[in-house]
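**Student:** Following is a predicted model, sequence given first.
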Amino acid sequence: MEIKILGTGCSKCKALEEATRKAVAEMNLDAQITKIEDITEILNYGIMTTPALVVDGKVVLKGRVASVEEIKKILK
């Protein structure tokens, strides 16, 4: 599973990354997590508001921070 956190480095972006890493660890998933901070690359996903979460190339969350439990549901 490939997971990308899209964000420029703001506190919300960092919070989403932390929650995502915690969810992956709690679920014991084999996932590669990458943080994308390049604005051009973020725009290539059609994202105008960060943070965003991309799982296997599909944008599954944008513009807000999700809880660990919500991220677990997304990753199932």
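**Tutor:** Cool, got the structure. Numbers count the residues shown, from 1 in each chain.

**Student:** The top helix by length along the chain: what's the following helix or strand?
**Tutor:** What stands out as the longest helix in the chain, according to DSSP state H, is helix 11-27. The first helix or strand that comes after helix 11-27 along the chain, using DSSP states H and E, is strand 32-36.

**Student:** mind listing what that following strand pairs with, with the direction of each?
**Tutor:** The pairing partners recorded for strand 32-36 under DSSP bridges are strand 2-6 (parallel).

**Student:** Skipping adjacent residues, who's closest to residue 24 in space?
**Tutor:** In this structure, residue 24 finds its nearest non-sequential neighbour in residue 31, 5.0 Å apart by CB to CB, 6 or more residues apart in numbering. In this view, the C-beta of every residue, glycine as well, is placed from N, C-alpha and C.

**Student:** Residue 7 now?
**Tutor:** Among residues not flanking residue 7 along the chain, residue 13 sits closest, at 2.6 Å (CB to CB, 6+ apart).

**Student:** roughly how far apart are that neighbour and residue 46?
**Tutor:** Counting by CB to CB, to the nearest Å, the separation of residue 13 from residue 46 is 17 Å.

**Student:** Tell me which of these two has more neighbours.
**Tutor:** Remark: of residue 13 and residue 46, residue 13 carries more neighbours, 20 against 9, as counted by other CB atoms under 10 Å.

**Student:** Was I right to think that one contacts residue 50?
**Tutor:** Yes: in this structure residue 13 lies within contact range of residue 50 using CB atoms under 8 Å: 5.7 Å.

**Student:** what's the overlap in contacts for these two?
**Tutor:** Both residue 13 and residue 50 are contacted by 6, 7, under the criterion CB atoms under 8 Å, 6 or more residues apart in numbering.

**Student:** Mind checking the pLDDT average for stretch 41-56?
**Tutor:** Averaged across stretch 41-56, the pLDDT comes to 95.

**Student:** List the buried residues of that stretch.
**Tutor:** Neighbour-count burial for stretch 41-56 flags 42, 45, 47, 50, 51, 52, 53, 54, 55 (criterion: 16 or more other CB atoms under 10 Å).
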